[in-house]
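Asker: this one's structure only:
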């Protein structure tokens with residue numbers, strides 16, 4: 001009635017099947033002419049084989065049952081059971097610098113982290129956020145924290161490309177990790193440790209500190225959906241995407257965000273990308289362009305970091321270090337949900353003024369090929385880039401089976417799904 005048998009029952013069943021009727025010590029049914037020594041030898045081998053088979057079956061069943069009892073392990077669990085530190089009483093005041101103005105949602109993400117730390121520590125660790133220019137210029141925040149001018153900073157790691165090319169891989173990679181991918185890779189596949197190692201080269205302690213999902217594509221006055229359409233286009237974009245677009249025949253410049261609107265309005269550039277819909281909306285690009293060229297393949301997942309001067313961090317009591325760690329994880333989760341909720345509202349507003357156009361499939365495939373060639377060249381040139389990108393690509397390969405198996409269940413509204421759009 002159980003539907004399964006135990007290893008002990010297997011052993012008994014095999015023994016019963018192999019048991020030889022001893023009867024007369026000199027004979028067995030049908031074997032009256034066989035000497036008893038031969039029969040003893042045959043019986044011995046038969047019983048030995050059956051016992052060995054029973055043991056093997058029993059062991060294999062036990063091994064399978066033991067291995068499948070639990071599939072994953074929470075690595076922090078044992079540590080949490082043996083807490084060896086006490087709550088601290090010291091009150092500490094820190095300053096946080098960043099490249100964000102107060103008008104950008106990135107500033108709110110940085111401030112959210114500071115708020116979470118203050119709340120969780122009951123004010124024992126108070127980190128005061130300063131927007132770009134209040135204490136140091138936007139692009140000097142990294143050095144300010146490294147040198148100890150401020151104790152904490154918030155960033156998009158790609159800004160520090162000039163210090164080490166590998167920083168871009170922790171910010172966003174064209175055709176690379178999306179928000180879900182970054183979260184799994186950072187927290188479960190060693191990505192956060194690699195981030196800490198890279199920032200550690202500059203006297204910094206770093207943690208993931210904000211995930212904003214996919215960026216929008218290009219705001220443009222030219223309807224570009226094929227590879228040929230991009231040739232000769234004057235585009236604003238920074239980082240690796242700038243080099244890739246140049247390789248596609250575009251003419252690219254990394255204008256500061258504050259100069260994009262005027263450049264589009266005056267026709268200095270044909271197209272520009274900046275960030276996600278909610279972050280782009282206040283910039284007003286839809287007032288001076290006709291199209292948005294989707295998808296945002298240049299940044300499938302916008303990843304930010306929070307970082308600290310190493311000497312200041314090392315001086316913290318152990319409980320406050322844990323509060324910082326947990327607050328950073330909470331900020332990573334909250335920012336993704338918050339920004340993407342806002343993105344859904346912002347994109348509807350954009351559609352009132354601009355046409356959303358999609359690159360065709362052949363263009364996306366060719367785009368991916370050009371991107372791979374470019375990234376492979378970076379890996380050959382920069383060992384740190386190779387280390388990080390190889391890790392990300394290994395994760396993407398390992399996740400592919402699950403990505404394929406779960407496809408077809410995209411939660412579109414009913415009317416869209418039954419029209420045949422089952423994937424995103």
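Answerer: Everything's here; your move. In this text, all values refer to a predicted model and were calculated from it rather than measured experimentally. Numbering: from 1, shown residues only.
Asker: at the geometric centre of this protein, which residue do we find?
Answerer: residue 182 (1.1 Å; CA atoms, centre = their mean).
Asker: next one: the helix or strand encompassing that one to chain centre, how far?
Answerer: For residue 182, the element it lies in under DSSP states H and E is helix 179-188. Its chain's average C-alpha position is 2 Å from that of helix 179-188, according to CA atoms, centre = their mean, to the nearest Å.
Asker: next: stretch 297-311.
Answerer: Here stretch 297-311 is found 12 Å from its chain centre; the criterion is CA atoms, centre = their mean.
Asker: now the terminal residues of it, how far apart.
Answerer: Stretch 297-311 has an end-to-end distance of 39 Å (CA to CA, to the nearest Å).
Asker: which of the residues in it are buried?
Answerer: Neighbour-count burial for stretch 297-311 flags 297-310 (criterion: 16 or more other CB atoms under 10 Å). Yep, even glycine has a C-beta here, placed from its N, CA and C like the rest.
Asker: give me the low-pLDDT residue ranges for the chain?
Answerer: Along the chain, the parts satisfying pLDDT under 70 run over 1-67.
Asker: partners of the nearest residue to residue 289 once chain neighbours are set aside in the sheet?
Answerer: Using CB to CB, 6 or more residues apart in numbering and skipping the chain neighbours, the partner closest in space to residue 289 is residue 219 (4.4 Å). Residue 219 has these beta-bridge partners by DSSP bridges: residue 272, residue 292.
Asker: residue 219 and residue 172, how far apart?
Answerer: Per CB to CB, to the nearest Å, residue 219 is found 18 Å from residue 172.
Asker: now do residue 205
Answerer: Distance from residue 205 to residue 172, by CB to CB: 22 Å.
Asker: and those two? which has more neighbours close in?
Answerer: residue 172 (26 against 21; other CB atoms under 10 Å).
Asker: was I right about that one contacting residue 301?
Answerer: Yes. With contact defined as CB atoms under 8 Å, residue 172 counts as touching residue 301 (5.9 Å).
Asker: in what helix or strand does residue 216 lie?
Answerer: Per DSSP H and E, there is no helix or strand for residue 216.
Asker: count the neighbours of it for me.
Answerer: Residue 216 has 27 neighbours, counted by other CB under 10 Å.
Asker: before we move on, what about residue 295?
Answerer: With neighbours defined by other CB under 10 Å, the count for residue 295 comes to 14.
Asker: next one: residue 261
Answerer: 18.
Asker: what's near enough to touch it?
Answerer: 283, 284, 285, 288 (CB atoms under 8 Å, 6 or more residues apart in numbering).
Asker: now with 6 Å, please.
Answerer: Taking CB atoms under 6 Å, 6 or more residues apart in numbering, we find residue 261 in contact with no residue.
Asker: got the buried residues for the strand or helix carrying it?
Answerer: Using DSSP H and E, residue 261 maps to helix 260-265. Of all the residues in helix 260-265, those buried under the rule 16+ other CB under 10 Å are 260, 261, 263, 264.
Asker: can I get those in JSON lines including distance to residue 338?
Answerer: Compiled in JSON lines, the buried residues of helix 260-265 are given as follows (distance: CB to CB, whole Å):
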{"residue": "260", "distance to residue 338": "24"}
{"residue": "261", "distance to residue 338": "25"}
{"residue": "263", "distance to residue 338": "30"}
{"residue": "264", "distance to residue 338": "28"}
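Asker: need the max-distance pair from those.
Answerer: 261 and 263 (7.3 Å; CB to CB).
Asker: so who does the residue nearest to residue 289 touch?
Answerer: Listed by CB under 6 Å, 6+ apart, the contact set of residue 219 reads 272, 285, 289, 292.
Asker: mind redoing it with 10 Å?
Answerer: Residue 219 makes contact with 236, 260-261, 264, 269-274, 280, 283-286, 288-293, 350, 354 under the criterion CB atoms under 10 Å, 6 or more residues apart in numbering.
Asker: how about residue 292?
Answerer: Residue 292 neighbours (CB under 10 Å, 6+ apart): 216-220, 271, 273, 277, 280, 285-286, 347, 350-351, 353-358.
Asker: mind running it again at 8 Å?
Answerer: Taking CB under 8 Å, 6+ apart as the test, what residue 292 contacts is 216, 217, 218, 219, 220, 286, 350, 354, 355, 356, 357.
Asker: mind checking which of the residues you listed are buried?
Answerer: By neighbour count, with 16+ other CB under 10 Å, the contacts of residue 292 hold 216, 217, 218, 219, 220, 286, 350, 354, 357 as buried.
Asker: wait, a strand at residue 353?
Answerer: No. Assigned with DSSP: H, G, I helix; E, B strand; the rest coil, residue 353 falls outside any strand and is coil.
Asker: any idea how far residue 157 is from residue 236?
Answerer: Taking CB to CB, one finds residue 236 at 20 Å from residue 157.
Asker: next: residue 321.
Answerer: To residue 157, residue 321 is 21 Å away according to CB to CB.
Asker: with neighbour numbers in mind, choose between these two.
Answerer: Comparing residue 321 with residue 157 by neighbour count (other CB under 10 Å), the higher total belongs to residue 157, at 24 against 16.
Asker: measure that one to residue 332 for me?
Answerer: 14 Å.
Asker: quick one: the strands in the stretch 1-150 of the chain, in order.
Answerer: Taking DSSP state E, counting those that start in this stretch, the strands of the stretch 1-150 of the chain run over residues 92-97, 125-129.
Asker: using TSV, lay out those strands together with distance to residue 137 and mean neighbour count.
Answerer: Formatted as TSV, the strands of the stretch 1-150 of the chain follow (distance: least, CB to CB, whole Å; neighbours: other CB atoms under 10 Å):
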stretch	distance to residue 137	mean neighbour count
strand 92-97	10	20
strand 125-129	16	20
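Asker: at which residues are the strands of the stretch 151-300 of the chain located?
Answerer: 152-155, 204-211, 218-220, 234-236, 251-253, 271-272, 291-294.
Asker: tell me what the first one is packed against?
Answerer: Meaning strand 152-155. strand 92-97, helix 105-120, helix 141-147, strand 303-309 (3 or more CB pairs under 8 Å, 6 or more residues apart in numbering; DSSP states H and E).
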